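K.L.:
Sequence first, then the predicted structure:
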Amino acid sequence: MSNKTSKSKDSSLWVIIRNNTYMLRIIYSITPGRVFAKLLDAFADYFSWVFFSIIFVRFLLDALENHRSYSSVVVFVMGSMAVFGLLTLFSSWYNQRYARFTEQKLYHAISMKLFKKASTVDVGCYEYPQFYDQYTRAASEANVRAVRILDDMAGLITNIGAAIFVMVTMAQIDPFVALFTFFPVVANFIIGTKTNKISFQHSQDDVPHNRKLGYVNRVVFLQKYAKEIRLSRIFDVVKNLYDDGAAGILANVKKYMRRSILLQFIKVVLIYPLVFEGVWLYVAWRAIIERDLSIADAAMLANAIVVASNLLTYMMDGFVKVAENGLYIANLRGFLAYKPQIAEDQPGRDITSLDSIEFRHVSFAYEGSEPVLQNVSFTLQQGRKVALVGHNGAGKTTIIKLLLRLYDATEGEILLNGRNIREYSVQRVRRLFGVVFQDFQVFSLSAVENVAMVEEMSDKLREKSISAMKTSGIYDKLANLPHGTDSTLTREFDSEGVVLSKGQVQKLAIARALVKDAPTLILDEPSSALDPVAEHEIFEALARTYEHDANKIVFLISHRLSAAIMADTIYVLDNGSVVERGSHEELMGLNGLYRTMYTKQAEKYRDLDESSTVAKWEVNA
Ligand SMILES: Nc1ncnc2c1ncn2[C@@H]1O[C@H](COP(=O)(O)OP(=O)(O)OP(=O)(O)O)[C@@H](O)[C@H]1O
C-alpha cells in the first residue's frame, strides 16, 4: 500500500496551494453558501476590530480637537453602533446556527467520500498496516480540517485586506512607523513554521499508537469479543497493546515537547515585548519630544501599530496554518486519489451469462508471501457441479477470490467464456457469482435487507428474498417473530432485535447467495455450523433448486467430504496445486489423498455413530 498511495509531505508553496484549493473546491461543491457566509463573518470580525481601534478613536479625538458639531458625533456613533449591531447579529446567526448546520453537511459528505473510497480500494490493501495508518490519518483529520481550511482561508483573505488598509492609513501619518511591525512578523513566521512542522510530525507519529488504543477499545466494546474475553485471560494479552500504544504516545510527547517549549519561549519572551513596548516609546517620543503629532494621530498611530503588528502576525500565522492544513490534506488527497489495481468502475466488456470458467496455469502469491497457488489448471462448463477439497490452507478460498477478482493471478490466466477475466467489467464479473464466504457478516439491518443486500427493496425482490430464505431453511425461524422477516438482526440498535445462532446465520448467508440468482453459486464451507439434519435439508433443497437449472455452475468448498460427493467433479488441492480430480468413485479408485481423507472421515463418523449407539444403549439400560 505504501507505494500504491502517494503520501506527500512536500511543503513547497505550489503543493500547499494545490492542496488547499483542492479542499476548498470540495467544500464549495458541498456547501457554497458556507464559503460566502464565512467570508462575511471574517470580514465582520476584522472590520469591527480595525474600525473601533483606529477609525472610531481617531474620528472622536479629531472631533474634540477641532470642535466639530455634537450632532455629527451622535450620527457617527449611532451609525457605527447600528452597523456593528447588524454585523454582530449576522455573526451570531452564522456561528450558532449556520456554521453548525453546514459543518454537519460537510462532515457527512466528506465521510461518504472516504467510505466510498475505502470500500473500493483493493482488498489487498487490508494486509498493510500502512493502509490503516493512511486511512486513519485521512479520516481523523479530513472533517475537522475541511472546516479549518475554510475558516483559515477566509480569515487570511480578510486579514490581508485589513492589514493593507491599516498600513496605508499609518503610512499617511508616518511612513517610517510601519517598519516596526515587520521584525516580529518575520520572526513569528519562522518560529510558527517550525512549530507547525513539529506538531504535524508529532500527530503523524502518534497514528500507529492511537490505532492500538482504538483496537483495544474495539475489543472491549464489541460483542463479538465478549465471550472470549470472559472465558479466558486473553484481555491481559490484548491489554499489552494498549500499554504499548500509550507508551508510544508518551515517548512522542517526550521526543517533541522540548523543542516546542523552546520555540514558544522565544516567541513570547523575545518577540512581543519588542513590538508593544518599543512602539509606545517611539510614539511618545514623537508626541512629547518632536511635538509633530496631533493627539488624534498619536492615539491612532499607537493603536494602529499594535493592530497592524497583530494583523501581520495573524496573517503570517494564517499562512502557516494554511501551509499546515495543506500537509494534512495531502493525506486525504493521497487516499482519495488512490487508484485500485482492480477498479470497480474500470470500463470493460459486459458479461451476463457463463458458458465456461477456465483456470489456465494460474499461480498466485499474496504480496510479501510465498506462492499459495501453483500452476492450477481446470475448466468448468455450464451446468457443472464441482467441489474443491483439501487440507486447511491448501488454497481453496484463494481460487474463489481470484474468480471474483478480489485479487489478480500472479501468473497464468483465468478465462470466462474463453476471454481473459481482466477484459470484463469488474462489477459485471462479480454479478456472475452468488457467494457464501466462510467469514460472511451479518449487518445491523432487517433480516430481509440482510438477504436482498440492496437499498431499494421492490416487492419482487422481497418475494425472491423470502423464497430464498425458505430454500435455505431460515424462513420458519424468522416468520414466527413479531416483526417477521423485517426483524432487525443483532441488538445493537434495536432492543427487539434477533440474535441468530451461527448455523441460522449460515442459512441466512445461503439465502443471500441464492437471491442473486447468479449463473454461478459458490459455497465456501456453507455447512460448517449446520447440524447434520439441517445440512442434509439444505443440500436437498439446493439440489432441487439446481436440478432444473442445468445452466448454473455450483462451486462447493467443503471439509465434509460427504457433502462433496454430490459434485460431478471433485478437485483435490494440496499445497496450492490440483493433485487429483474426478468423481467420488474415480477418486476413491485412485487410492490417493482423497481416498485417505475420505476414509479417515468415514472412520470418524463411524466411531461417532458407535459411541452414540453406546450412549443410547447405556441410557436404555
Ligand atoms: N490475505 C492473505 N494474505 C496472506 N496470506 C494469505 C491470505 N489469505 C490466505 N493466505 C494464505 O494462503 C494460504 C491459502 O489460504 P486459503 O484461505 O485459500 O486456504 P483454504 O484452502 O481455503 O483453507 P481453509 O480450508 O482453512 O479455509 C494459507 O496458507 C493462508 O495462510
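P.N.:
Sure, I can see it.

K.L.:
ok, His361 - how many residues close by?
P.N.:
Applying the criterion other CB atoms under 10 Å, we find 12 residues in the vicinity of His361. Just so you know, the C-beta spots here come from the backbone N, C-alpha and C atoms, and that holds for glycine as well.

K.L.:
Look at it and tell me its secondary structure.
P.N.:
Recorded secondary structure, His361: strand (DSSP: H, G, I helix; E, B strand; the rest coil).

K.L.:
Name the nearest residue to it, ignoring sequence neighbours.
P.N.:
Gly412 (3.8 Å; CB to CB, 6 or more residues apart in numbering).

K.L.:
I figured that neighbour hits Glu358, correct?
P.N.:
No - checked against CB atoms under 8 Å, the pair Gly412 and Glu358 is beyond contact range at 10.2 Å.

K.L.:
Need the overlap of contacts for those two.
P.N.:
Ser377 (CB atoms under 8 Å, 6 or more residues apart in numbering).

K.L.:
So Leu415, which state does it fall into?
P.N.:
With three-state DSSP as the basis, the three-state label of Leu415 is strand.

K.L.:
Grab the nearest non-local neighbour of it.
P.N.:
Counting by CB to CB, 6+ apart, Leu415 lies nearest to Glu358, which is 4.2 Å off, once chain neighbours are set aside.

K.L.:
Which strand residues bridge the one you found?
P.N.:
Here Glu358 shows beta-bridge partners Thr379, Leu415, assigned using DSSP bridges.

K.L.:
can you count the residues close to it?
P.N.:
The local packing of Glu358 (other CB under 10 Å) involves 18 other residues.

K.L.:
so what's it up against?
P.N.:
Shown here is Glu358, whose contacts under the criterion CB under 8 Å, 6+ apart are 377-380, 414-416, 418.

K.L.:
Please report which of the residues you listed has the highest neighbour count.
P.N.:
Using other CB under 10 Å as the neighbour definition, those reach their maximum at Leu416, which records 23 neighbours.

K.L.:
Test my guess that it contacts Arg349.
P.N.:
No - here Leu416 lies out of contact with Arg349, judged by CB under 8 Å, at a distance of 9.6 Å.

K.L.:
thinking again about what came up before, got TSV for the contacts of Glu358, with pLDDT and distance to the ligand too?
P.N.:
As requested, the contacts of Glu358 are exported to TSV (pLDDT from 0 to 100; distance: CB to the nearest ligand atom, whole Å):
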residue	pLDDT	distance to the ligand
Ser377	94	17
Phe378	92	15
Thr379	92	20
Leu380	90	18
Ile414	97	15
Leu415	97	21
Leu416	96	20
Gly418	94	26
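
K.L.:
now, among the residues you listed, which is nearest to Ile190?
P.N.:
Ile414 (58.6 Å; CB to CB).

K.L.:
dump the residue contacts of the residue nearest to the closest one when sequence neighbours are not counted.
P.N.:
Once its chain neighbours are removed from consideration, Ile414 has its nearest residue in Ile421; the separation is 4.4 Å (CB to CB, 6+ apart). For Ile421, the residues meeting the contact criterion (CB under 8 Å, 6+ apart) are 403, 405, 413-415, 429.

K.L.:
Just put the residues you listed in JSON lines and tack on distance to Phe493.
P.N.:
Formatted as JSON lines, those follow (distance: CB to CB, whole Å):
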{"residue": "Leu403", "distance to Phe493": "35"}
{"residue": "Arg405", "distance to Phe493": "33"}
{"residue": "Glu413", "distance to Phe493": "45"}
{"residue": "Ile414", "distance to Phe493": "41"}
{"residue": "Leu415", "distance to Phe493": "45"}
{"residue": "Val429", "distance to Phe493": "34"}
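
K.L.:
Closest to Glu290 out of these?
P.N.:
The shortest approach to Glu290 among the contacts of Ile421 belongs to Arg405, at 82.5 Å (CB to CB).

K.L.:
if I look at Leu416 and Arg349, which residues touch both of them?
P.N.:
Both Leu416 and Arg349 are in contact with Tyr424, where contact means CB under 8 Å, 6+ apart.

K.L.:
Could you check the pLDDT of Gly592?
P.N.:
What the model reports as pLDDT for Gly592 is 90.

K.L.:
Angles on the backbone of the closest residue to the ligand within the stretch 51-200 of the chain, please.
P.N.:
Closest contact between the stretch 51-200 of the chain and the ligand, by CB to the nearest ligand atom, is at Glu127 (5.0 Å). Main-chain dihedrals, Glu127, degrees, to the nearest 10: phi -90, psi 0.

K.L.:
Identify the residues contacting it.
P.N.:
Contacts were defined as CB under 8 Å, 6+ apart; by that measure Glu127 touches 366-368.
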